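Undergrad: Please work out how this folds:
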Amino acid sequence: MPASIEQVLRAHTDQWMAIPGVVATGIGEQAGKPCIRVMVVRKTRDITTKIPAQVDGYPVVIEETGEFRALPAE
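TA: Numbers count the residues shown, from 1 in each chain. Sure thing, here's the model as predicted:
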């Protein structure tokens, strides 16, 4: 049985998060189908060469989001 998108994401997140500039990973949707999203500060050639366009049959979308910062507690 093929791996679920959640299993694929878990299997690759640590490797992708170790790439400088990657700030988050998650599951999203592209053209009505599930995809893996990799959020980056800036989409660079170095990042796009290290992250495949597809993993285990699921498309991988690299999304430029800038840095994430925690909001102060109120």
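
Undergrad: which residues of the chain fall in strands?
TA: Applying DSSP state E to the chain gives strands spanning 22-30, 33-40, 54-55, 58-64.

Undergrad: hey, C-alpha coordinates of the longest helix anywhere in the chain in CSV?
TA: Longest helix in the chain, counting residues (DSSP state H): helix 5-17. Extracted in CSV, the C-alpha atoms of helix 5-17 (Å, rounded to 0.1, in the frame of the first residue of the first chain):
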residue,chain,number,x,y,z
ILE,A,5,0.9,12.1,2.4
GLU,A,6,1.3,12.5,6.2
GLN,A,7,3.8,9.6,6.3
VAL,A,8,5.7,11.0,3.4
LEU,A,9,5.8,14.5,5.0
ARG,A,10,7.0,13.1,8.3
ALA,A,11,9.7,11.0,6.5
HIS,A,12,11.2,14.1,4.8
THR,A,13,10.5,17.1,7.0
ASP,A,14,13.7,16.8,9.1
GLN,A,15,15.9,16.6,6.0
TRP,A,16,14.2,19.6,4.4
MET,A,17,14.2,21.7,7.6
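
Undergrad: any idea how far it is from the chain center?
TA: 8 Å (C-alpha atoms, centre = their mean, to the nearest Å).

Undergrad: Please spell out which residues along stretch 61-68 are buried.
TA: I62 (16 or more other C-beta atoms under 10 Å). (Each C-beta comes from the backbone N, C-alpha and C, glycine too.)

Undergrad: which residues touch the spatially most central residue of the chain?
TA: For the chain, the residue nearest the mean C-alpha position is V38 (1.8 Å; C-alpha atoms, centre = their mean). Residues near V38 by C-beta atoms under 8 Å, 6 or more residues apart in numbering: 16, 22, 24-25, 51, 60-63.
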